[in-house]
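1. when you get a sec, could you give me coordinates for this:
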Amino acid sequence: MKRFFVFSGLVELLLLCFLLMSPSGVLAQAKRGGATFVGVDACKECHEDRFKAYAASVHGKKVVPDNPANREGCESCHGPGSLHVDQGGGKGVGGMITFNKKENSDMRSAVCLNCHENSTQLALWDSGVHKKKDVSCSDCHSIHSGPKTATGYGTGMAPMGYLPGPEYVTCGKCHLDIKAAINRRSHHPIVEGRITCSNCHQPHGSMGPAQIKADSVNQLCYKCHADKRGPYMNEHPPVGENCAYCHLAHGGVHTALLTEKVPNLCQGCHDATRHPGTRYGADTMFTGGLIGGSPSNKAFGRSCLNCHSNIHGSNAIGSPGGDFFIR
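-> All right, here's what the predicted structure looks like:
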């Protein structure tokens with residue numbers, strides 16, 4: 001019987017935690033202590049700059065009496081502010097939710113999910129890597145931001161919602177390696193604004209690897225590079241397996257986002273059959289060990305793609321030809 005009461009108490013505790021972390025439970029928690037709503041005019045007296053930005057945003061424009069989710073204005077997200085006002089204000093005073101990183105990430109996200117939990121964009125949020133790493137909505141989205149027309153941000157509305165700047169800037173705050181890659185000489189046109197991170201990735205959760213919007217890397221690449229899809233009569237084996245075997249997704253220092261320059265890339269697999277049977281190393285190119293002491297010219301203007309131009313696949317008939325991906 002004692003075990004039953006202990007188990008029952010544990011269940012009640014877990015249920016209480018779930019209710020407090022649910023969207024409605026977060027605001028209910030803020031009401032503890034008898035706090036009541038004071039209205040947006042009270043908020044405006046101290047936070048006028050924030051209020052003006054909020055009023056110009058989508059959130060501010062949706063403050064209407066018939067919408068119970070946000071009819072309280074600022075307090076719809078931050079909680080009732082009477083105790084906050086009575087105690088003279090200040091961060092966290094009066095039980096207000098301030099959305100700073102000291103607060104629990106699940107609690108901050110739960111406030112947003114109070115309205116957005118049914119969004120198709122968030123269907124896989126709970127299983128996504130960002131939630132598992134304690135990233136909250138407010139870590140990426142600028143809730144008070146109004147439309148931006150300067151500095152090349154367009155309207156300020158990225159596909160994922162209000163962000164403090166271009167998507168790649170927001171993502172680059174955590175993904176520093178990707179930030180460096182997209183600024184290299186050969187890169188996808190992300191910085192130029194022709195594509196965004198969310199064109200390929202679903203930051204709110206995805207069934208694909210690295211939260212991509214496809215079941216595999218190849219299926220994602222084919223959405224833009226349909227000419228590489230095939231099917232071909234003669235297919236280059238690594239092409240059908242994974243584009244990333246030869247290409248870097250974000251950017252690199254070699255042409256066409258290759259992981260290594262040609263012929264070094266090709267010789268990673270073709271190292272001892274047909275030509276070239278010998279790797280172009282220092283002993284064959286610079287010391288002339290195989291050609292009587294004279295330096296070799298094989299490093300100059302040399303590229304497998306000069307002849308094997310249909311490197312992804314070929315429909316040519318005959319040999320040599322299609323099976324060697326010759327143009």
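
2. could you check how far Cys200 is from Leu220?
-> Between Cys200 and Leu220 the computed distance is 6 Å (CB to CB, to the nearest Å). Where C-beta positions appear, they are placed from N, C-alpha and C, glycine not excepted.

3. same check, this time on Asn118
-> Following CB to CB, the distance that separates Asn118 from Leu220 is 27 Å.

4. and those two? Which one has more around it.
-> Legend: neighbour count by other CB atoms under 10 Å for Asn118 and Leu220, higher for Leu220 (21 against 8).

5. identify the residue nearest that one in space, chain neighbours excluded?
-> Ala214 (3.7 Å; CB to CB, 6 or more residues apart in numbering).

6. so how far is Gly205 from that neighbour?
-> From Ala214 over to Gly205 the distance is 14 Å, taken as CB to CB.

7. can you pull the contacts of Gly39?
-> Residues near Gly39 by CB atoms under 8 Å, 6 or more residues apart in numbering: 72-73, 75.

8. in a markdown table, list those residues along with secondary structure and pLDDT.
-> Listed next are the contacts of Gly39 as a markdown table, based on DSSP: H, G, I helix; E, B strand; the rest coil; pLDDT from 0 to 100:
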| residue | secondary structure | pLDDT |
| --- | --- | --- |
| Glu72 | coil | 80 |
| Gly73 | coil | 83 |
| Glu75 | helix | 88 |
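
9. ranges for the strands of this protein?
-> 157-158, 161-162, 186-187, 234-235, 251-252, 313-314 (DSSP state E).

10. I'd like to know which of those is closest to Tyr54.
-> Closest to Tyr54 of those, according to CB to CB: strand 161-162, at 10.8 Å.

11. related to what we said a few turns ago, give me the common contacts of Cys200 and Leu220.
-> Counting by CB under 8 Å, 6+ apart, the contacts common to Cys200 and Leu220 are 212-213.

12. pLDDT at the closest residue in space to Gly128 that isn't next to it in sequence, what is it?
-> Sequence neighbours aside, Gly205 is the residue nearest to Gly128 in space, at 2.8 Å (criterion: CB to CB, 6+ apart). At Gly205, the pLDDT value in this model is 92.

13. again, but for Gly39
-> pLDDT for Gly39: 87.

14. could you check how far it is from Arg71?
-> On the measure of CB to CB, Gly39 and Arg71 end up 11 Å apart.

15. and for Ala210?
-> Distance of Ala210 to Arg71, computed by CB to CB: 40 Å.
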